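Chemist: need the 3D shape of this:
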Amino acid sequence: MIERNNMFDLNGEDFQVKTIFNGGKAGLVRNVAISVELKQDQGSNSPDFKLIATDASGSVNSGFYYITPNPQKSADDNAKWEKLMVGRVLHAAKAVMGADYSFPSVSSSKEAFDVLFKLISENSSNKKFNIYTTYGTPTRPSKYLGFRFFNFIEPANDGSTTTLYPSNSDLLTQIEPDKNDSDLNFTM
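Modeler: Numbers count the residues shown, from 1 in each chain. The predicted structure is shown next:
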C-alpha cells in the first residue's frame, strides 16, 4: 500500500502564480524599471552583478562577471573580450546617465564594472527604459528570455521613436529542442 501525504501547503511554491517578463514575448519592451543586484555570497558561482529589468508581469536579468583571462585564448583575444564586455555595461550606463555624461577614467575592467554598475544602481530608480529581449541568436539559441547582447537598452521616451529594432541575429521565438528518437512512437 502506498502511503500518501494529503497535506497541501497552500502558501507553497506549487500554488504560486508564475509570471513571465513581457508574457514571454521577445522584442521591444517599453517603460520598464531597471536595477542592479550585487553578488551576495562571494564563494558562490553567481554573477558579480545582475542587471535586472522589471515590468508589470515579471523580470529578466543578465549576469556580468569580472573578466578573468581565458588561458586558452591569446592575449589579443582576451583583450578584445574584455573591451566587448566593458562596452556592453557602458551601453547600459549611457542609457541611464545620458549621452552627454562624462564617465571617469578607469585603470581596469574590474574598476570599470564597479564604477558603471554603481552609476546604474544609483541613478536608475526613478527612470523608465525600453529594452530589447531575445531568445538568443540562431547560432546560440536560449530557452530563456534575455537581453539582446548589444543595443539592448535606451531611455524611455514619448513612445514615438526608438533605436531598438529587430536584427537578423535576433531569435524572437523560443526554440523547442528536437525530440529524441526514443521519445517518438513508431509503429510498423
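Chemist: tell me the phi and psi of the residue positioned nearest the centre of the chain?
Modeler: Central residue of the chain (C-alpha atoms, centre = their mean): Ser62, 2.6 Å from the mean position. Note on Ser62: backbone dihedrals following degrees, to the nearest 10 are phi -130, psi 130.
Chemist: how about it, nearest residue that isn't a chain neighbour?
Modeler: Leaving out its chain neighbours, the residue that sits closest to Ser62 by C-beta to C-beta, 6 or more residues apart in numbering is Phe147, at 4.7 Å. (C-beta placed from N, C-alpha, C; glycine too.)
Chemist: who's in contact with that neighbour?
Modeler: Going by C-beta atoms under 8 Å, 6 or more residues apart in numbering, Phe147 touches Leu51, Ala53, Val60, Ser62, Ile131, Tyr132, Thr133, Thr134, Ile153.
Chemist: need the max-distance pair from those residues.
Modeler: Distance extremes for the contacts of Phe147: the farthest pair is Leu51 and Thr134 at 15.1 Å, using C-beta to C-beta.
Chemist: name the residue in those two with the higher neighbour count.
Modeler: Taking neighbours as other C-beta atoms under 10 Å, Leu51 and Thr134 compare with Leu51 leading, 25 against 22.
Chemist: how far off centre is the helix or strand containing the more buried one?
Modeler: Element membership of Leu51, judged by DSSP states H and E, is strand 49-55. How far strand 49-55 lies from its chain's middle: 7 Å, per C-alpha atoms, centre = their mean, to the nearest Å.
Chemist: go on, stretch 37-55?
Modeler: 11 Å.
Chemist: gap between Ser74 and Tyr66?
Modeler: Counting by C-beta to C-beta, to the nearest Å, the separation of Ser74 from Tyr66 is 20 Å.
Chemist: okay, these two: which has more neighbours?
Modeler: Legend: neighbour count by other C-beta under 10 Å for Ser74 and Tyr66, higher for Tyr66 (15 against 10).
Chemist: over to the more buried one. Which of the three states is it?
Modeler: Secondary structure state of Tyr66, per DSSP: H, G, I helix; E, B strand; the rest coil, is coil.
Chemist: quick one: contacts for it?
Modeler: Applying C-beta under 8 Å, 6+ apart to Tyr66 gives the contacts Asp48, Ser109, Lys110, Phe113.
Chemist: and with 10 Å instead?
Modeler: Tyr66 is in contact with Lys39, Pro47, Asp48, Phe49, Met85, Ser108, Ser109, Lys110, Ala112, Phe113, Asp114, counting by C-beta atoms under 10 Å, 6 or more residues apart in numbering.
Chemist: quick check: the third one vs Ile20, distance?
Modeler: Translated: Asp48. For Asp48, the distance to Ile20 equals 26 Å [C-beta to C-beta].
Chemist: mind picking out the helix or strand in the protein with the poorest mean pLDDT?
Modeler: Among the helices and strands of the chain, strand 140-147 carries the lowest confidence by mean pLDDT, DSSP states H and E, at a mean of 92.
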